[in-house]
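Enquirer: Next come a sequence and a model predicted from it.
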Amino acid sequence: MSRRKKKILIILVIAAVLIIAGIIINHLVWKDTRRMLLASTHPIQYSEYVEKYASEYNLDKYIIYAFIKTESGFDPNAVSDIGARGLMQLMETTFDWVKFRLGDGDEVIYDNMFDPETNIRYGAYLVDYLVDRFGSVDTAAAAYFSGVGEVSGWLEDSGYSADGIHLDNIPSRNCSHYVNKINTALSIYRELYADERTD
């Protein structure tokens with residue numbers, strides 16, 4: 001092989017190595033940038049309460065984070081157009097039902113839904129109840145959004161559920177969008193934080 005051909009070969013090898021190194025660096029930088037962006041939109045907040053009630057109700061803490069992120073974006077003072085309150089956006093009728101189930105006394109009032117711990121306690125209890133009742137996060141999220149009665153009716157309709165347990169399709173576009181948002185948030189939380197401590 002001539003000296004000129006050797007030089008060209010060396011230059012080509014160096015160029016290939018630089019291209020590959022550039023691709024790897026670009027991938028790592030993008031991966032880190034993506035992770036930072038997702039962490040800024042999917043924070044871990046109120047972890048003391050989330051972990052406490054996730055443990056108490058034997059519920060995946062990332063499910064609670066996904067609901068808080070989706071419902072209020074971690075704003076404890078959030079109030080929806082229809083009057084739902086706090087981090088997990090509980091309506092007064094839902095609050096009354098959970099309060100009865102938890103056996104809380106008159107000292108706990110609907111205004112306490114602006115208190116992060118109380119709201120997370122009530123919201124986590126409700127999510128756990130729905131997951132236990134319906135058997136999946138998807139159906140629980142649908143019931144959280146549309147109500148237990150509505151979702152139970154969908155499950156009884158073979159057009160929406162082949163087995164009466166899982167929703168094959170959700171007739172409400174808004175509810176379907178909500179379930180997708182919960183699943184996306186849950187997936188991101190697990191991807192970002194599954195190997196990290198959050199205390």
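Expert: Here it is on my side, so go on. Bear in mind that the values here come from a model prediction, so they are computed numbers and not experimental data. Residues are numbered from 1 along each chain as shown.
Enquirer: and stretch 53-71, which residues are buried?
Expert: Residues 53-54, 57, 59-71 are the ones in stretch 53-71 that count as buried (16 or more other C-beta atoms under 10 Å). (Glycine included, C-beta is placed from N, CA and C.)
Enquirer: So which of the residues you listed are in helices?
Expert: 53-54, 61-71 (DSSP state H).
Enquirer: now, among those, which is nearest to N119?
Expert: Checking those against N119 with C-beta to C-beta, the nearest one is I68 at 8.9 Å.
Enquirer: The closest residue to that closest one other than its chain neighbours: what secondary structure?
Expert: Using C-beta to C-beta, 6 or more residues apart in numbering and skipping residues adjacent in sequence, the residue nearest I68 is L87, 4.9 Å away. For L87, the assignment made with DSSP: H, G, I helix; E, B strand; the rest coil gives coil.
Enquirer: Relative to I165, how far out is L87?
Expert: Distance, L87 to I165, by C-beta to C-beta, to the nearest Å: 30 Å.
Enquirer: more crowded one of the two?
Expert: Higher neighbour count among L87 and I165: L87, with 31 against 11, using other C-beta atoms under 10 Å.
Enquirer: pLDDT of stretch 122-131, averaged?
Expert: Per-residue pLDDT over stretch 122-131 has a mean of 98.
Enquirer: chain center to it, what's the gap?
Expert: Its chain's average C-alpha position is 14 Å from that of stretch 122-131, according to C-alpha atoms, centre = their mean, to the nearest Å.
Enquirer: The residue nearest to I68 touches G123, doesn't it?
Expert: Yes: if you go by C-beta atoms under 8 Å, L87 and G123 touch, sitting 6.8 Å apart.
Enquirer: low pLDDT regions in the protein?
Expert: The chain contains residues with pLDDT under 70 at 12-13, 15-31, 195-199.
Enquirer: ok, so what distance separates the spatially most central residue of the chain from L102?
Expert: By C-alpha atoms, centre = their mean, the chain has its centre lying nearest to A66, at 2.0 Å. Separation of A66 from L102 (C-beta to C-beta): 22 Å.
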